[in-house]
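Trainee: Quick one, structure for this:
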Amino acid sequence: MIRLCVTIAAIAAAAPAWADLPVAITYMRLEVDRPPVLSNLDPVPEDLGLAGAEIAVKDTQTTGSFLGHSYSLTLASVPPGGDLVAAAREALASSHLILIEADPAAILAVADLPEAQEALLFNVATGAENLRSQDCRANLLHTIPEDAARTDALMQVLQRKQWRTAVMVTGPHPADLALAEAFRRSARKFAVSIAAEKDWTFDTDLRESTMDEVPRFMQDFPDHDVVLIADATDDFGRYIEHNTWIPRPVAGADGLIPTAWSHVIEAWGAVQLQNRFEDHAGRDMRGQDYAAWAAIRAIGEAVTRTNSNDPATIRAFLLDPGFQMDGFKGRGLSFRAWNGQLRQPIAVVNARALVTLAPVEGFLHQRNEMDTLGLDAPESACTAFTEVR
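Mentor: Numbers count the residues shown, from 1 in each chain. The predicted model follows:
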């Protein structure tokens, strides 16, 4: 069964009667049954991503109301096993600006619909490389960082700290394996050696035996500077830190974490964004929330500058080399013309503080230092974009 509901009609009460340019946006979500994890201390919010879109519509309407632009946001949420394509067709009948939260195959199924060819889609949830490379689509932009951008950011930090020898523990889920492969590619790229790897095989409750079991699990690792945790499902990573056989920092899915956004970012006006988000959602902003926020803020910037709600006009504006958007991360954000990925700094954080924003000083690029993170133009097999590479 498909559930379609309006979550926010974001036309401000004070909007003038002459508002005559509607900007209809849909947040499309394919719900998933998440695998069980060892700890339930950090449940995934039910409004993850959606809350970022909602606060962005509120922010954008503040300006839009003075220009005669009225923004609305509709949620199309499909339960596990539901028909996302049917929901997409229904949404596309009334909205050609779509934020999509789904797995890569589902995103491609929507992007390839005949009804979607005149639409503009924003991937706000998956960092899968293929969507930015061989499986890219001209009508699909990405505001969530690609996985390679996050792992590249972490390797820049490790290289800068001269932590050049790592070991890695990888979980059993497909997302864990994909993250581990991203770590391997980034390690090769930035000359960090992964000296040994182990698969996480525990299927017992470790909450009372962590200090005994985890060190024993790790005692045959060779000497190393840092432990990489490939735990995309947030299952076991929390049990590694301070339980290693030899005292070493951990990084990746726990410890030193590369992410699109974290509540510990305080500079560049970020506190104001954090406060607005917390007032709206009652929780901290996360990376997927930020991706949805960035997508709608980009749409709003394009509509404001072009006075158009046409998806093709918005897309051309966003891919123009002159486009930049403030993202509260110290640098202007822009879209890569060769695959539609939003360039953005990656925050490398611990539980209580920002360690740094990548790209790290000293890692240079001939055009834009943020292109040291993720797929650069020569590395991407995307051919759907005709803009200058």
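
Trainee: The closest residue in space to residue 135 that isn't next to it in sequence: what's it in contact with?
Mentor: Counting by Cβ to Cβ, 6 or more residues apart in numbering, residue 135 lies nearest to residue 108, which is 6.1 Å off, once chain neighbours are set aside. Just so you know, the C-beta spots here come from the backbone N, C-alpha and C atoms, and that holds for glycine as well. Contact analysis of residue 108 by Cβ atoms under 8 Å, 6 or more residues apart in numbering lists 131, 135, 137.

Trainee: Tell me the predicted confidence for residue 108.
Mentor: The per-residue pLDDT reported for residue 108 equals 98.

Trainee: how close does it sit to residue 88?
Mentor: Separation of residue 108 from residue 88 (Cβ to Cβ, to the nearest Å): 12 Å.

Trainee: repeat for residue 336
Mentor: Counting by Cβ to Cβ, the gap from residue 336 to residue 88 is 25 Å.

Trainee: ok, these two, which is more surrounded?
Mentor: Neighbour totals were compared for residue 336 and residue 88, and residue 88 leads with 28 against 25 (other Cβ atoms under 10 Å).

Trainee: Identify the residue spatially nearest to that one, adjacent ones excluded.
Mentor: residue 110 (4.4 Å).

Trainee: do residue 364 as well
Mentor: Using Cβ to Cβ, 6+ apart and skipping residues adjacent in sequence, the residue nearest residue 364 is residue 372, 7.4 Å away.

Trainee: What distance do you get for residue 236 to residue 300?
Mentor: Residue 236 sits 40 Å away from residue 300, going by Cβ to Cβ.

Trainee: What is the burial count for residue 290?
Mentor: 29.

Trainee: which element follows the host helix or strand of it toward the C-terminus?
Mentor: Assigned by DSSP states H and E, residue 290 belongs to helix 287-306. The element immediately downstream of helix 287-306 (helix or strand, assigned by DSSP H and E) is helix 311-319.

Trainee: my guess is residue 343 meets residue 370, correct?
Mentor: Yes: contact criterion Cβ atoms under 8 Å: residue 343 and residue 370 qualify, at 4.3 Å.

Trainee: what about residue 94, how many neighbours?
Mentor: 10.

Trainee: Tell me if residue 321 really is in a strand.
Mentor: No: counting by DSSP: H, G, I helix; E, B strand; the rest coil, residue 321 is not found in a strand; it is coil.

Trainee: What's the separation between the nearest residue to it once chain neighbours are set aside and residue 112?
Mentor: Among residues not flanking residue 321 along the chain, residue 337 sits closest, at 7.0 Å (Cβ to Cβ, 6+ apart). Distance of residue 337 to residue 112, computed by Cβ to Cβ: 22 Å.

Trainee: who has more neighbours, these two?
Mentor: Using other Cβ under 10 Å as the criterion, residue 337 and residue 112 rank with residue 337 on top: 18 against 13.

Trainee: and the more buried one, backbone torsions?
Mentor: Here is the backbone geometry of residue 337 (degrees, to the nearest 10): phi -70, psi -10.

Trainee: what's the answer for residue 69, then?
Mentor: phi -110, psi 130.

Trainee: tell me the domain ranges of this structure?
Mentor: 3-145+266-345, 148-259 (automatic domain parsing).

Trainee: quick one: the helices in the stretch 1-150 of the chain?
Mentor: Under the criterion DSSP state H, counting those that start in this stretch, the stretch 1-150 of the chain contains helices at 50-67, 84-92, 104-111, 147-160.

Trainee: Can you lay out these as a markdown table showing distance to residue 351?
Mentor: Output for the helices of the stretch 1-150 of the chain, formatted as a markdown table (distance: least, Cβ to Cβ, whole Å):
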| stretch | distance to residue 351 |
| --- | --- |
| helix 50-67 | 21 |
| helix 84-92 | 35 |
| helix 104-111 | 30 |
| helix 147-160 | 16 |
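
Trainee: okay, and for the protein, where does confidence drop off?
Mentor: 1-19, 36-41, 203-209, 387-389 (pLDDT under 70).

Trainee: Quick check, central residue of it?
Mentor: Centroid check for the chain by Cα atoms, centre = their mean gives residue 144 as the closest residue, at 2.8 Å.

Trainee: residue contacts, that one?
Mentor: Shown in contact with residue 144 (Cβ under 8 Å, 6+ apart): 123-127, 260, 287-288, 291.

Trainee: just residue 110 next, same as before
Mentor: 28, 84-85, 88, 98, 100, 102, 116, 121.
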